[in-house]
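Novice: sequence and predicted structure are below.
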Amino acid sequence: MKRIAYFFKSILPCLLMLVLQTAVVIPVGILYAFLNAGDDSFTLSRILDLLTGTVSDTGFSQTANLIYGLLALLIFGLWYRRVFVRPFRHKKRENRPTGFSFHTMMSILFLAIGLQYVTILVVNVTSSLRPDWLTTYNALMESAGYSDLSLPLIVYSVLLAPIAEELIFRGLIFRYARHAFPFWIANIWQALLFGLVHGNFIQGIYAFVMGLFLGFLCHRGRGIKYSIPVHILYNIIGVWYSGLIELTASLSYTIAVGLGVALTVFAVWLFYTDFTPANTNKN
């Protein structure tokens, strides 16, 4: 019965995330529809157009994301701290990694870079099978404002979203699921939910793959303090240096992606060996 209870607990953070997003989007949508009504009347259809995406408004989506991100950090941060941090604060840390060694920092950097090439591989394979998915994905990125970066979008993408998502999926969902399942099932479960909430097939598939690696880091490092910097660095590279990654892939796709996948594997191995029981007291 306890396993079943923990399984349902692992769903709660995802459901609350969706509720929180809705609770933020609706009032922000009403406000934006009212402010942008101009000489026209303030109608329900105008609000619905914003909420359903019929009318694209990057200011609306970025404002909603920023407010949601701040609230998510507060709510899920307190939840994670109360359930998985405070009760274990005074326990002995035998055989537990602490801090960041040089190897750990290198594995975090290498994994963030390598996952960019893994993403390219996943996107190319998926889009070759379903070009319409790529079209939908590109349209969503365009409507979100990634073609013309703004400060709210940068703050949300490289800081609020990575931390909030790690708190939700690896901090809460994964930890609850570990009480119900073996590691590999719990890891697939949190990665699957992580992919599903992204709302489109292309992003959902590469988010699922990325979630598997981040779940491994949390399992091996016993916490989200290692997955958070990987996620932040990954998003930083995606926001500012995606052109450089794509350029290297365009020069020689096979070599670039092959080296990227190899770098990812090497980073995982480096992180794994850094946290073997014999070395945990050194970190």
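Specialist: In hand now; what should we look at?
Novice: off-centre distance for the helix or strand where E142 lies?
Specialist: Element membership of E142, judged by DSSP states H and E, is helix 131-144. Centroid separation for helix 131-144 versus its chain: 18 Å, with CA atoms, centre = their mean, to the nearest Å.
Novice: next helix or strand past it?
Specialist: Counting by DSSP H and E, the next helix or strand C-terminal to helix 131-144 is helix 151-155.
Novice: so which residues of the stretch 51-200 of the chain form helices?
Specialist: With helices called from DSSP state H, counting those that start in this stretch, the stretch 51-200 of the chain shows them at 58-80, 102-129, 131-144, 151-155, 161-165, 174-178, 183-196.
Novice: of those helices, which stretch is the most buried?
Specialist: Compared across those, helix 174-178 shows the largest average neighbour count, a mean of 24 (mean count of other CB atoms under 10 Å). C-beta coordinates here come from the backbone N, C-alpha and C atoms, glycine included.
Novice: pass me the low-pLDDT residue ranges in the stretch 1-150 of the chain, would you?
Specialist: 36-57, 90-98 (pLDDT under 70).
Novice: on that earlier part again, elements contacting the helix holding E142?
Specialist: helix 58-80, helix 102-129, helix 201-221 (3 or more CB pairs under 8 Å, 6 or more residues apart in numbering; DSSP states H and E).
Novice: of these, which is nearest A144?
Specialist: A144 sits nearest to helix 58-80 of all these, at 6.0 Å, using CB to CB.
Novice: do you know how far F76 is from L134?
Specialist: Applying CB to CB, to the nearest Å, the value for F76 to L134 is 31 Å.
Novice: what does G114 give?
Specialist: For G114 relative to L134 (CB to CB), the value is 22 Å.
Novice: give me the nearest residue to A249, chain neighbours excluded.
Specialist: Closest residue to A249 in three dimensions, ignoring its sequence neighbours and counting by CB to CB, 6 or more residues apart in numbering: A256, at 4.5 Å.
Novice: tell me which element that neighbour falls in.
Specialist: For A256, the element it lies in under DSSP H and E is helix 253-274.
Novice: how far off centre is that helix?
Specialist: Per CA atoms, centre = their mean, the displacement of helix 253-274 from the mean C-alpha position of its chain is 20 Å.
Novice: packing partners for it?
Specialist: Counting contacts by 3+ CB pairs under 8 Å, 6+ apart, helix 253-274 packs against helix 102-129, helix 201-221, helix 242-251.
Novice: what's the angle between the longest one and helix 253-274?
Specialist: Note on geometry: by axes from the mean of the first three to the mean of the last three CA atoms, to 10 degrees, helix 102-129 and helix 253-274 are set 140 degrees apart in direction.
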